[in-house]
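J.: Whatever this is, show me its structure:
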Amino acid sequence: MSILLLETAALILCYMLLWWVIAMVVKDNGLADVAWGLGFVLIAWWEVFRVASDLVFVLAILVSCWGLRLSAYIALRNRRKGKEDWRYAAWREQWGKQAWWRSLAQVFLLQGLLLWLISAPLLVAAWCPACPLETGWWTFPAVWIGFLLWLWGWIWESVADWQLYRFKSRSGVQGRIYTGGLWKYSRHPNYFGELLCWWGIWICSLPAGGWWVSLLSPLLISWLLLRVSGVPMLESRYETDETYRRYRQSTPAVFPDFRKILNPKRQSGVD
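T.: Now for the predicted structure:
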């Protein structure tokens with residue numbers, strides 16, 4: 001296990017260093033967000049070629065679909081904006097001459113560490129492949145349950161991102177808050193979908209054993225999205241926005257208000 005962890009850590013280190021160099025050249029630390037999803041894809045297929053396990057292959061497919069879609073969406077979003085994401089731009093200004101090494105430590109290497117930890121289901125499955133080729137992954141109910149949960153999350157997150165992207169691409173909407181589509185039921189439906197994806201991936205990995213180790217993955221990403229870099233950071237930008245305040249009062253943060261789905265007449269507090 002120690003060799004597996006060291007190999008994967010070295011792979012991620014080289015990967016994030018490469019992205020950091022590119023970001024320094026183009027002066028855009030927002031590339032770290034593009035690298036995030038692709039990093040999981042890299043780890044997934046690295047493990048596929050290391051071990052002969054149907055379970056690892058299935059997990060790699062799920063992780064790849066999630067990571068490729070997310071990175072493609074973020075790349076398109078950044079291209080539409082045409083400038084560095086506001087969070088990274090604020091940090092760059094705050095750091096001043098220290099920006100080069102602080103972006104390496106606090107953006108790229110930190111994300112690399114989180115990427116490594118959240119990949120726990122893949123690493124555990126590769127370490128103890130209890131589902132080898134001759135057994136058949138379809139014999140484990142947990143794989144099917146996890147897949148269905150992942151599929152729900154992937155569709156939910158994809159639709160939410162597409163709806164927001166389409167809204168933001170319209171002219172005359174700068175500064176406006178989108179409250180239609182899935183965003184009517186929660187303020188961050190994309191995060192809800194992402195949570196479902198990673199809890200589904202963890203459930204899929206259960207046949208490999210070591211669930212208490214791989215549980216770190218969904219718990220960590222849940223904590224990040226709900227308490228750290230997800231909801232709190234994004235909503236801090238709208239603290240003084242009266243329209244967003246009313247939206248916040250009437251709409252849950254992440255987990256959808258399914259009463260609005262069952263009763264379409266229930267509206268959010270934002271027109």
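J.: Can you tell me the SS state at the most centrally placed residue in the chain?
T.: Closest residue to the average C-alpha location of the chain: residue 194 at 5.8 Å, with Cα atoms, centre = their mean. For residue 194, the assignment made with DSSP: H, G, I helix; E, B strand; the rest coil gives helix.
J.: Chain neighbours aside, what residue packs nearest to it?
T.: Of all residues not flanking residue 194 in the chain, residue 157 sits nearest, at 5.4 Å (Cβ to Cβ, 6 or more residues apart in numbering). From N, CA and C alone the C-beta is placed, and that goes for glycine too.
J.: For burial, what's the neighbour tally of the one you found?
T.: 24 (other Cβ atoms under 10 Å).
J.: these two touch, right, it and residue 190?
T.: Yes: contact criterion Cβ atoms under 8 Å: residue 157 and residue 190 qualify, at 5.0 Å.
J.: For residue 48, give its distance to residue 4.
T.: 13 Å (Cβ to Cβ, to the nearest Å).
J.: between these two, which one's more packed in?
T.: The neighbour count for residue 48 versus residue 4, taken as other Cβ under 10 Å, is higher for residue 48 (19 against 15).
J.: residues in contact with that one?
T.: Residues in contact with residue 48 (Cβ atoms under 8 Å, 6 or more residues apart in numbering) are 56, 57, 60.
J.: next one: residue 190
T.: Here residue 190 is in contact with 156, 157, 160, 161, 164 (Cβ under 8 Å, 6+ apart).
J.: Of those residues, which is the nearest to residue 141?
T.: Among those, residue 156 lies closest to residue 141 (Cβ to Cβ), at 22.7 Å.
J.: pretty sure that closest one contacts residue 196?
T.: Yes: if you go by Cβ under 8 Å, residue 156 and residue 196 touch, sitting 6.6 Å apart.
J.: before we move on, the earlier item: which one of the contacts of residue 190 sits closest to residue 122?
T.: Ranked by distance to residue 122 (Cβ to Cβ), the contacts of residue 190 are led by residue 157 at 19.4 Å.
J.: What about the contacts of residue 48, which are in strands?
T.: Judged by DSSP state E, the subset of those located in strands is empty.
J.: now stretch 232-243, how far from the centre of its chain.
T.: 21 Å (Cα atoms, centre = their mean, to the nearest Å).
J.: Check stretch 239-247 too.
T.: Here the centre of stretch 239-247 is set off from its chain's centre by 26 Å, with Cα atoms, centre = their mean.
J.: Using CSV, list the CA coordinates for it.
T.: In CSV, the C-alpha atoms belonging to stretch 239-247 read as follows (Å, rounded to 0.1, in the frame of the first residue of the first chain):
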residue,chain,number,x,y,z
GLU,A,239,-23.3,39.2,1.4
THR,A,240,-24.7,42.7,0.7
ASP,A,241,-26.9,41.8,-2.2
GLU,A,242,-30.6,42.2,-1.2
THR,A,243,-31.8,40.1,-4.0
TYR,A,244,-29.6,37.2,-3.0
ARG,A,245,-30.6,37.6,0.6
ARG,A,246,-34.2,37.0,-0.3
TYR,A,247,-33.2,34.0,-2.5
